[in-house]
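# Pasted the sequence and its predicted model underneath.
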Amino acid sequence: MLHEAARDLPPGSTAPAPKALVVPHAGYIYSGPTAAMAYARLLPLRYTIRRVVLIGPAHRVPVRGLALPDVQSFVTPLGRVELDQPAMNKLQGLPQVVVSSAAHAQEHSLEVQLPFLQAVLDDFNLVPLVVGSASPAEVAQVLDAVWGGDETLIVISSDLSHFLSYGEAQRVDRNTVDHILGLQEDLGPEQACGGAGINGLIHAARTHGLQPHLLQLCNSGDTAGDKARVVGYASFLFSATEAE
């Protein structure tokens, strides 16, 4: 998937370095190609990005605010990813941040992103957060605390609409995309399961002068599913300057 996405990048692309990505988190046969379109943009930054702030929605455990794990590292078949303990300690000073092993124990929205990151980046540390009920300002405050420079990448994990018909999903998801491109921080869970994270990124993007760019929009009916009840997927790049 990554090789195909990299091959499809414009020849001699001078697209700016992304500060943030929004990527889906379904099974790889469903949303992997859409996520790969975003991750391929990181290949030129393989040795630049040293920290990834990864935020995904809480699917299994109710969370008020944002939850950090209580472990030192995450492990996938591709190897171990160390967590950025100083950054996590800093975030624990914010009132909306808690530590919850339960929130992370079975949470797939973060897990499915790790192999992509391990494939495109060299050596990086991770700041993983699961977000539940949190305002855009609360999420943005967390992002601001670990914003960093070119060494820090933000990744927001989210699918779009769930279990609509193919045509209805296309309509709803196109409207959601327009809200994101318009930097409107008003997405609800029916539009994007990771809406809280996206809203927070949009809030921060407006402060830091980032612009969103749509990379790909589709749904499971376009990949490995039927068209009766589909899930929507999109990938975005947020950068400080215009992207190709």
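Sure thing, it's come through. Numbers count the residues shown, from 1 in each chain.

# can you tell me which residues contact the residue at minimal distance from the centre of the chain?
Nearest residue to the geometric centre of the chain (CA atoms, centre = their mean): Ile156, 2.1 Å. Residues in contact with Ile156 (CB atoms under 8 Å, 6 or more residues apart in numbering) are Ala20, Leu21, Val22, Val23, Ile55, Gly56, Gly194, Gly197, Ile198, Leu201. (Each C-beta comes from the backbone N, C-alpha and C, glycine too.)

# Correct me if wrong, but it is in a strand.
Yes: under the criterion used here (DSSP: H, G, I helix; E, B strand; the rest coil), Ile156 sits inside a strand.

# Bridging across strands, which residues link to it?
With DSSP bridges as the criterion, Ile156 is bridged to Val22, Ile55.

# same thing with Val131?
Once the bridges are assigned, which here means DSSP bridges, Val131 pairs with Pro57, Leu66.

# nearest residue to Gln85 other than its sequence neighbours?
If you skip the residues right next to it in sequence, Gln85 has Gln72 as its closest partner in space, 7.2 Å away by CB to CB, 6 or more residues apart in numbering.

# Ramachandran coordinates for the one you found?
phi -90, psi -20 (degrees, to the nearest 10).

# Now for it: which residues touch it?
Counting by CB under 8 Å, 6+ apart, Gln72 makes contact with Glu82, Leu83, Gln85.

# Inside helices: which ones of these?
Under the assignment DSSP state H, those contribute Gln85 to helices.

# Need the contacts of Gln72 in TSV (columns: neighbour count).
Output for the contacts of Gln72, formatted as TSV (neighbours: other CB atoms under 10 Å):
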residue	neighbour count
Glu82	12
Leu83	17
Gln85	12
